[in-house]
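S.K.: fold the following for me, if possible:
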Amino acid sequence: MEQVSPTRMELLQKKAQITLAEQGKDLLKQKRDALLIEFMSVIDETLRLSSLLEKATTNAQYSLAVAEAVDGAVMVKSASFATKGEVTVNISGSHIMGIPIPVVKKKKSHIRSALSRGYSITGVSSRIDETAENFEKIVDVLIDSADIETRLKRLGEEIQKTNRRVNALEHIVVPDLKAQVSYIKMTLEERAREDLFRLKKVKKALEKKKAERI
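M.R.: As a prediction, this is how the structure comes out:
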């Protein structure tokens, strides 16, 4: 326990600190509960995108295997070199319960038409077109996943931080303040008993002197 001055003023201050700490703890619990609700909804979206990414990856790998088997690996590789492009995203920010959250969004869908992929549409098969489209779908899902996973991570960090503060108030700060209040009360009560005892002794001494003079 930290050193405290066992005075009535200190007692009032410690009681006020307990009230403030209890109020802070309640507010933090409300914030934590609200963040948990948001966190659970984000988890649902994360699971949905994870399933979508798994499906898109499986489809892309299958179509790639078919294209390489029928059209040849050299043809597929040649088409892939010709269809290189840029992945563009918008990065901004939002707030959830006052917490800054990065937002990553694609500027547009990265699924392109066969004419805009860079290779000659007469020089490749529909299998290669399908493979290209399936891999472009993966890019779109990855960007969506990056956004939602960033949000999930930020919310998780804030929930942990808030929970640590709640636990500190609930299990350390408030109990310590209450212990200090108990110590001050005990000390003040002991002083009051000592003062009362001294007053009684003084009263008896005065009464004795008065009796002797009579």
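S.K.: for this structure, just list every one of the helices.
M.R.: Using DSSP state H, the helices of the chain run over 8-71, 73-82, 126-168, 174-213.
S.K.: and those helices, which is most packed in?
M.R.: Comparing the helices of the chain by mean neighbour count (mean count of other CB atoms under 10 Å), helix 126-168 ranks first with a mean of 18. (Each C-beta comes from the backbone N, C-alpha and C, glycine too.)
S.K.: any idea of the angle that one forms with helix 73-82?
M.R.: Orientation of helix 126-168 against helix 73-82 (axes from the mean of the first three to the mean of the last three CA atoms, to 10 degrees) gives an angle of 60 degrees.
S.K.: what mean pLDDT does helix 126-168 get?
M.R.: Taken as a whole, helix 126-168 has a mean pLDDT of 91.
S.K.: try stretch 179-189
M.R.: Stretch 179-189 comes out with an average pLDDT of 91.
S.K.: check stretch 4-12 too.
M.R.: In this model, stretch 4-12 carries a mean pLDDT of 88.
S.K.: residue 107 is nearest to which of the helices of the chain?
M.R.: Residue 107 sits nearest to helix 126-168 of all those, at 9.6 Å, using CB to CB.
S.K.: packing partners for that closest one?
M.R.: Other helices and strands packing on helix 126-168, by 3 or more CB pairs under 8 Å, 6 or more residues apart in numbering; DSSP states H and E, are helix 8-71, helix 73-82, strand 89-96, strand 99-106.
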